[in-house]
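> Just a sequence and a predicted model for now, questions to come.
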Amino acid sequence: MSLTVADAMDYKGSPADKSKTGGWVPATLILGIEIVERLSTMGIAVNLVTYLGGAMHLASSNSANIVTDFMGTSFLLCLLGGFLADSFLGRYKTIALFALIQTLGTGMLTVATSLPQLRPSPCHRHDVNCQPANGFQMGILYLALYLIALGTGGLKSSVSGFGTDQFDEKDDKEKAQMAYFFNRFFFFISLGTLTAVTVLVYIQDEVGRIWAYGVCSVSMFIAIIIFLLGTKRYRYKKSAGSPIVHIFQVIVAAIRKRKMDLPYDAAMLYESTSTPEAMTIQHTQEFRILDKAAIVTEGDFEEHASCSAPNPWKLSSVTRVEEVKMMARLLPIWATTIIFWTTYAQMITFSVEQASTMERTIGNFQIPAGSLTVFFVAAILITLALYDRIIMPLWKKWKGKPGN
């Protein structure tokens, strides 16, 4: 059995030694930074609408738009983070960089909520003479929020991937550990969200936002230090380029050759000889229009110093085409989440505002309005537990193999 991981390196660039790199300890350090990211982002997002309405005197619709724009931007910026990680920085540097950006954003938000000059004079927002925040005050708030969104996007795009990089798929024992890690990943970040919508929201309402946002900043800074301490233990994988670029290359190549006829034998389509046999993907009959990207024509290859190589915008391998087909097959599954996120957007905006008008007192304790989203988070945790402990064992017993 090999003592090194074939497709991974250590921090010096040498083949990664299994006994000195990877495994549960580095994966846990990586998971820790994602838990803190969830604590910060969700702790801010679920209670932001009350700050915008109560302290910045904005209308309910404007407050809701700002929150949904903030969350939507956070997810869209995952594309930027993934592109930078896959094409230039690598996952390790991307996580470190964007974690620092998020720390800067939460620090700025702490300052923005603590200085009276950065919010309008106190008043009831329904009063005729109540003035909403001016352009400068909103500008500082926007800058802080979108720095947090940028940090969140960069982190989310790389954390899970870098965590799974710490396990060797070719080793049966480590492959099982990787599956265990990935199954627990969402569970633990949901615990971070649960802490955010309970403890952190309570601190915001009862102690002060400056303290709550300060906790976010300090927690992320500590998480970064802990993450960096694991530098010598991590396994680093060489980037294969951005999947987004690869998808566009296949589409462009297929469009260029859209008028050409496909060969009668799929074996005549191009497959890179540099791709290891174990990593090649067999041709399938679906989405055959994309197969045209693998038709070899004159001018598809470019001459280099010692050899010729295909122009990826003109010719794609069958394996690359099949990867794009896999993405296409996932689109209907992704589409099912549209309704979910539409409902979720209402839950962290108008539902929180509605909760703020309700009687929420139990004895001498008042439940924060933002904490009512705890039912959503609790449902996720319960569902994950049922899936892991009941559904998956039953599936394995029925099919004889683990499910996905």
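Done, it's in. All of these numbers come straight from a predicted model, not from anything done at the bench.
> quick check: domain ranges of this protein?
Domain assignment for the chain, taken from automatic domain parsing, gives 19-239, 243-331.
> Nearest to residue 400, out of these?
Across the domains of the chain, residue 400 has its closest neighbour in domain 19-239 (16.4 Å, CB to CB). (C-beta placed from N, C-alpha, C; glycine too.)
> picking up where we left off before, for residue 372, which of the domains of the chain is the nearest?
Ranking the domains of the chain by proximity to residue 372 (CB to CB) places domain 19-239 first, at 8.4 Å.
> where's the closest one relative to the chain centroid, distance-wise?
Relative to the chain's own centre, domain 19-239 is displaced by 10 Å; criterion: CA atoms, centre = their mean, to the nearest Å.
> Flag the shaky bits of the stretch 1-150 of the chain, pLDDT-wise.
Scanning the stretch 1-150 of the chain for pLDDT under 70 picks out 1-2, 125-126.
> ok, back up a step: out of the domains of the chain, which one sits most buried?
domain 19-239 (a mean of 19; mean count of other CB atoms under 10 Å).
> can you tell me the distance between the two ends of that domain?
In domain 19-239, first residue to last residue: 23 Å (CA to CA, to the nearest Å).
> sec struct for residue 6, please.
Following DSSP: H, G, I helix; E, B strand; the rest coil, we place residue 6 in the strand state.
> For it, give me its contacts.
Residues in contact with residue 6 (CB atoms under 8 Å, 6 or more residues apart in numbering) are 15, 170.
> any idea how far it lies from residue 94?
Distance from residue 6 to residue 94, counting by CB to CB, to the nearest Å: 23 Å.
> of all the domains of the chain, which lies closest to residue 351?
domain 19-239 (9.3 Å).
> And residue 289, how far from residue 256?
Distance from residue 289 to residue 256, by CB to CB: 12 Å.
> Quick one: end-to-end distance for stretch 17-26.
14 Å.
> how distant is that stretch from the center of its chain?
Mean-position distance between stretch 17-26 and its chain equals 24 Å (CA atoms, centre = their mean).
> cool, stretch 317-333 as well?
Distance of stretch 317-333 from its chain centroid, counting by CA atoms, centre = their mean, is 20 Å.
> Using PDB, write down the CA coordinates of it.
Provided in PDB are the C-alpha atoms of stretch 317-333 (Å, rounded to 0.1, in the frame of the first residue of the first chain):
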ATOM      1  CA  SER A 317     -12.500  15.400 -24.900                       C
ATOM      2  CA  VAL A 318     -15.400  12.900 -24.400                       C
ATOM      3  CA  THR A 319     -14.600  13.000 -20.700                       C
ATOM      4  CA  ARG A 320     -15.000  16.800 -20.600                       C
ATOM      5  CA  VAL A 321     -18.200  16.600 -22.600                       C
ATOM      6  CA  GLU A 322     -19.600  13.900 -20.300                       C
ATOM      7  CA  GLU A 323     -18.800  16.100 -17.200                       C
ATOM      8  CA  VAL A 324     -21.000  18.900 -18.800                       C
ATOM      9  CA  LYS A 325     -23.700  16.300 -19.400                       C
ATOM     10  CA  MET A 326     -23.600  15.400 -15.700                       C
ATOM     11  CA  MET A 327     -24.100  19.100 -14.800                       C
ATOM     12  CA  ALA A 328     -27.100  19.300 -17.200                       C
ATOM     13  CA  ARG A 329     -28.700  16.200 -15.500                       C
ATOM     14  CA  LEU A 330     -28.400  18.100 -12.200                       C
ATOM     15  CA  LEU A 331     -30.300  21.100 -13.400                       C
ATOM     16  CA  PRO A 332     -33.800  19.700 -12.600                       C
ATOM     17  CA  ILE A 333     -32.600  18.900  -9.100                       C
END
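> burial of the residue lying closest to residue 232 once chain neighbours are set aside, as a residue count?
Nearest residue to residue 232 in three dimensions, chain neighbours excluded: residue 11, at 5.5 Å (CB to CB, 6 or more residues apart in numbering). Neighbour count for residue 11, taken as other CB atoms under 10 Å: 15.
> where does residue 11 land in three-state SS?
Taking three-state DSSP, the label given to residue 11 is coil.
> residue contacts, it?
When contacts are counted by CB under 8 Å, 6+ apart, residue 11 touches 231-232, 234, 236.
> How confident is the prediction for the residue nearest the centre of the chain, by pLDDT?
In the chain, the centroid-proximal residue (CA atoms, centre = their mean) is residue 156; its distance is 2.6 Å. Residue 156 is assigned 89 on the pLDDT scale.
> What helix or strand is it located in?
Secondary structure from DSSP states H and E places residue 156 in helix 135-164.
> just checking, what packs against the very next helix or strand once past that helix?
Remark: after helix 135-164, the chain's next helix or strand is helix 172-195, criterion DSSP H and E. Applying 3 or more CB pairs under 8 Å, 6 or more residues apart in numbering; DSSP states H and E, we find helix 172-195 packed against helix 24-54, helix 135-164, helix 374-386.
> any residues touching helix 172-195, and which ones?
For helix 172-195, the external contacting residues (CB under 8 Å, 6+ apart) are 22-24, 27, 31, 34-39, 42-43, 160, 163-164, 166-169, 374, 377-378, 380-381, 384-385, 388, 402.
> Show the subsequent helix or strand relative to that helix.
From helix 172-195 onward toward the C-terminus, using DSSP H and E, the following helix or strand is helix 201-202.
> Give me the below-cutoff pLDDT ranges for the stretch 151-300 of the chain.
If you take pLDDT under 70 as the line, the stretch 151-300 of the chain has these spans: 278.
> residues in contact with residue 41?
Applying CB under 8 Å, 6+ apart to residue 41 gives the contacts 74, 102, 148, 152, 196.
> before we move on, which element is the nearest residue to residue 49 once chain neighbours are set aside in?
Of all residues not flanking residue 49 in the chain, residue 63 sits nearest, at 4.7 Å (CB to CB, 6+ apart). Per DSSP H and E, residue 63 falls inside helix 60-84.
> helices or strands up against that helix?
helix 24-54, helix 91-114, helix 135-164, helix 243-256, helix 337-347, helix 350-356.
> Ok, which of the ones you listed comes nearest residue 79?
Distance to residue 79, taken as CB to CB, is lowest for helix 243-256 among the helices and strands packed on helix 60-84, at 6.6 Å.
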